[in-house]
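**Student:** just to be clear, the model below is a prediction. Sequence and coordinates:
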Amino acid sequence: MPLQENPEFHAIVIGSGITGGWAAKELTEKGLSVLLLERGKMIEHGKDYRGEHMPPWQIPFGGLPLRDLYDRDYFIQRKSYAFDETTRHFWNNDRLNPYLHENNEFNWMRTDTVGGRSLVWGRHVYRWSDLDFSANANDGHGVDWPIRYTDIEPWYRYVERFIGVSGQAEQLPHLPDGEFLPPMELNVAEEHIRGCIARRFPGRLLTPGRLAILTRAHNGRAPCHYCGPCHRGCSTGSYFSTQSSTLPAAIKTGKLTLKSDVVVEKLNYDPERARIASVDVIDTRTHARKRHTARMVFLCASTVGSTQILLNSSSESFPNGLGNRSGALGRYLMDHTMASSTTAIVPGMLDRYVYGNRPSGIYLPRFRNLQPEREVDFVRGYGYQGGAKRMTWQNMIHATSDIGERYKDRLSAPGPWSIRLVGLGECLPYRTNAITLNHRKLDRFGVPQVQFAFSYRENEHRMVRDMATQAEVMLRSAGCMDIKSHIEMNTGGDTIHEMGTARMGRDPQTSVLNRWNQVHDVPNLFVTDGSCMASSSCVNPSLTYMALTARAADYAAKEFKAGRI
Amino acid sequence: MRCICEAIIPETDTPGATTARVPDFIKLIYDDWFTAEERREFLSGLYIVDGYARRRHSQSFIRQPLSIQQDIFRSLQREAEEAQDRNIDLREFVATIRELVVTGYFMSEAASKNTLAYNPAPMSYEGDYALDNVNKQWTY
């Protein structure tokens, strides 16, 4: 392939979600011209948030699912908590974008928009610590991370200052504090539980969730107005999304070209220069093919999307997928377990209520295996999310068999305080949890479909049982009643924290990316989304993706200016 | 149908199911959301209610005063619960109609703004707020 002497752009960023938006912002702000490619359609900030502030009486069919349509077109996406008629226009059409999983073992949740899942994400942001970065080295699962907390800490700070994170400092060594805006306060029932846990369980703590939602004006964005359902979109830009934050910053530089409705087919490798020379794309509406050139490529197409592109970019130099001399590409897929949910009634406080719809909840950080000694029958750990609220009419329809005036009065008033603790558990990296391409099954663009093989193993199952037991013990000691745990192992992908498949590592023989998220042997290709993860921690991953992206972009721009890429 | 809705959620100092146009909501669900099978089951449920009224009170359901209609619904519900496995259709009908009436009611504009407290942009959050200040559940 002839090398382009004068490439069209300094950099091509593939994907406009949480990491693609960051890559585009950072690279353009450093003076590079950037082409940002997005497979989905354009969603204009504000204007296209069709469900935002939609009152209950305008929601079609009282919020009941449109079963025929969902069965046909959204049989995977409908499983997301954030999928309904107020958000459906953000989500992927499953009929048009098929993938393979023989045992229905993976729910691949995808949006189909500029901004990607930054529009509908859960917005929890937690720093990793060295407990996480050294976990693989310490217990031997997976390969050692090539970085430690000190490498990423300045980038956590940098990202937090830009996105705005509300949270409460707690001085936990294993869950480092960030640059926090004031937290969203706990409600009176959560305060009660926090106090009980602090008194009776040394080392355990209930804290306000740390969220990328503003509690005061920040970088030209307005504070939260507490309407509640963020995932419908927020025209005041009060939560972090590509549209509210990174895209406007990138556009402001005048260096950005954004193309939506363009799916990347493959990257073309030039063996003479040992560089990516060009990117082949397909217009999703006309199916017209085109080639774009740039000095470097940032692959930010999501964990599975990016690895699909790498696997589909085989060449004589890389017969098993681009950058895959190690055989690790596609392997070590992880997703947090979210398989244990414990609910209870918090007695009393019936004269207390809340004002405003707080779009956040609580966090109960990991307390297991903080010391090297093993105290339980599993490695690693878990945290809980959830929160307390007064029950609503939705929860009480069948709470009584009465009808009439008393029933109406009961449903119209707030019900008792209830609390829910949902465990999110670390998932170990297993070689056989993997994605591959099926060259006999092509999608509508002629690209081989992704095939998943995924299962949770004994360590995850043991951890899930402990989550339920410990949630019950804590809630019982806080005087809660009617404590019920529901344990049901989730399907992979359900937590929408899928990661791994192009892991970072110290050794090119066992990993795909180096310590700068740069593909071993391909210096002008960076992969900075969830696919780069060598382990999963138990905290929500997006903040770490953002920090790694900003860090990689800084390195890439320096290498570019030094003439090395 | 209108009578069953009002029996479950009557007009008081706040709107009842009829004022909140719950019967229209249920008609929409019946016409455009139910499958043919669900429509059949739902209709046969309505016939059971009416048949019960005629047997016990020798007049059709709609001709009874509200309090009798409520008694009929309560008795039917009790019967459905006591029948255990034998009367699954009736149990499902009773559960379905409760869900539809309550959902249609509390999602309505009339109930959202009158029965509940509607505040689409609260602008702040307080986690320890006196219930006396609002004395209703917030619309969400």
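**Tutor:** Alright, I've got the coordinates.

**Student:** which ones are touching the most far-flung residue of chain B relative to its centre?
**Tutor:** The C-alpha centroid of chain B is most remote from B:Ser124, which lies 33.6 Å away (Cα atoms, centre = their mean). For B:Ser124, the contacting residues are A:Tyr226, A:Tyr355, A:Gly356, by Cβ atoms under 8 Å, 6 or more residues apart in numbering or on different chains. (Each C-beta comes from the backbone N, C-alpha and C, glycine too.)

**Student:** and A:Met109, by the same measure?
**Tutor:** A:Ile76, A:Gln77, A:Lys79, A:Ser80, A:Asn92, A:Arg117, A:Gly493, A:Asp494, A:Ile496.

**Student:** out of these, the closest to A:His486 would be?
**Tutor:** Nearest to A:His486 among these is A:Asp494, at 14.0 Å by Cβ to Cβ.

**Student:** do stretch B:9-22 and chain A meet at all?
**Tutor:** Yes - using Cβ under 8 Å from any Cβ of the partner chain, stretch B:9-22 reaches chain A at B:Ile9, B:Pro10, B:Thr12, B:Thr14.

**Student:** hmm, back to that, if we only consider the contacts of A:Met109, which is nearest to A:His141?
**Tutor:** Distance ranking of the contacts of A:Met109 against A:His141, using Cβ to Cβ, places A:Gly493 first at 20.6 Å.

**Student:** in space, what's closest to the closest one - neighbours in sequence excluded?
**Tutor:** Once flanking residues are discounted, A:Gly493 sits nearest to A:Asn107: 3.9 Å by Cβ to Cβ, 6 or more residues apart in numbering or on different chains.

**Student:** tell me who's in contact with the residue of the stretch 101-250 of chain A found nearest chain B.
**Tutor:** Using Cβ to the nearest Cβ, the closest approach of the stretch 101-250 of chain A to chain B is made by A:Asn187 at 3.5 Å. Residues in contact with A:Asn187 (Cβ under 8 Å, 6+ apart) are A:Val354, A:Arg358, A:Gly387, A:Ala388, A:Lys389, B:Gly127, B:Asp128.

**Student:** from A:Cys230, how far off is it?
**Tutor:** Relative to A:Cys230, A:Asn187 is positioned 18 Å away (criterion: Cβ to Cβ, to the nearest Å).

**Student:** likewise for B:Asp50?
**Tutor:** Using Cβ to Cβ, one obtains 47 Å as the distance from B:Asp50 to A:Cys230.

**Student:** more neighbours: those two, which one.
**Tutor:** Between B:Asp50 and A:Cys230, counted using other Cβ atoms under 10 Å in any protein chain shown, the more crowded position is A:Cys230 (24 against 15).

**Student:** the more buried one and A:Ala212 touch, don't they?
**Tutor:** No - using Cβ atoms under 8 Å, A:Cys230 is not in contact with A:Ala212; the gap is 9.7 Å.

**Student:** anything in contact with each of these two?
**Tutor:** A:Arg123, A:Tyr239.

**Student:** pLDDT at A:Thr400, what is it?
**Tutor:** With respect to pLDDT, A:Thr400 scores 89.

**Student:** on the three-state scheme, it is what?
**Tutor:** Following DSSP: H, G, I helix; E, B strand; the rest coil, A:Thr400 is assigned to coil.

**Student:** got it, and A:Leu258?
**Tutor:** Judged by three-state DSSP, the three-state class of A:Leu258 is strand.

**Student:** hmm, back to that, just flag the most distant two among the contacts of A:Asn187.
**Tutor:** Between any two of these (Cβ to Cβ), the greatest distance is 14.4 Å, for A:Gly387 and B:Asp128.

**Student:** who's more crowded, the two?
**Tutor:** Per other Cβ under 10 Å, whichever of A:Gly387 and B:Asp128 has more neighbours is A:Gly387, with 23 against 15.

**Student:** the more buried one should be in a strand, yeah?
**Tutor:** Yes - with three-state DSSP as the criterion, A:Gly387 is part of a strand.

**Student:** neighbours of residue 67, how many?
**Tutor:** I went with chain A, as the question did not name one. By other Cβ under 10 Å, the residues close to A:Arg67 number 13.

**Student:** ah, no, chain B please
**Tutor:** Using other Cβ under 10 Å, B:Ser67 has 11 other residues around it.

**Student:** quickly find the element holding it.
**Tutor:** Element membership for B:Ser67 (DSSP states H and E) is helix B:66-82.

**Student:** that older thread, of the residues of stretch B:9-22 next to chain A - the most surrounded one?
**Tutor:** If you count neighbours using other Cβ under 10 Å, the busiest of the residues of stretch B:9-22 next to chain A is B:Ile9, which has 30 neighbours.

**Student:** and the gap between the spatially most central residue of chain B and A:Gly21?
**Tutor:** In chain B, the C-alpha nearest the mean C-alpha coordinate belongs to B:Val101, at 2.8 Å (Cα atoms, centre = their mean). With the distance defined as Cβ to Cβ, B:Val101 ends up 45 Å from A:Gly21.

**Student:** repeat for A:Ala547
**Tutor:** To A:Gly21, A:Ala547 is 14 Å away according to Cβ to Cβ.

**Student:** next one: A:Leu322
**Tutor:** With Cβ to Cβ as the criterion, A:Leu322 and A:Gly21 are 23 Å apart.

**Student:** surely A:Lys423 is within a helix?
**Tutor:** For residue A:423 the amino acid is Gly, not Lys. No - counting by three-state DSSP, A:Gly423 is located in no helix; its state is strand.

**Student:** please name the residues that touch it.
**Tutor:** Shown in contact with A:Gly423 (Cβ under 8 Å, 6+ apart): A:337-341, A:382-384, A:463-464, A:467-468, A:471.

**Student:** tell me how many other residues crowd the residue lying closest to it once chain neighbours are set aside.
**Tutor:** Closest residue to A:Gly423 apart from its sequence neighbours, by Cβ to Cβ, 6+ apart: A:Met467 at 3.1 Å. Per other Cβ under 10 Å, the neighbour tally for A:Met467 reads 27.

**Student:** so what does the helix or strand harbouring A:Met467 touch, helix or strand wise?
**Tutor:** Applying DSSP H and E as the criterion places A:Met467 in helix A:458-477. Helix A:458-477 makes packing contacts with helix A:188-200, strand A:337-346, strand A:382-390, strand A:417-425, strand A:481-487 when contacts are defined by 3 or more Cβ pairs under 8 Å, 6 or more residues apart in numbering or on different chains; DSSP states H and E.

**Student:** where does the prediction get shaky in the chain?
**Tutor:** Using chain A. Along chain A, the model assigns pLDDT under 70 to residues A:1-5, A:373-374.

**Student:** hmm, no, I was thinking of chain B.
**Tutor:** Residues of chain B meeting the criterion pLDDT under 70: B:84-87.
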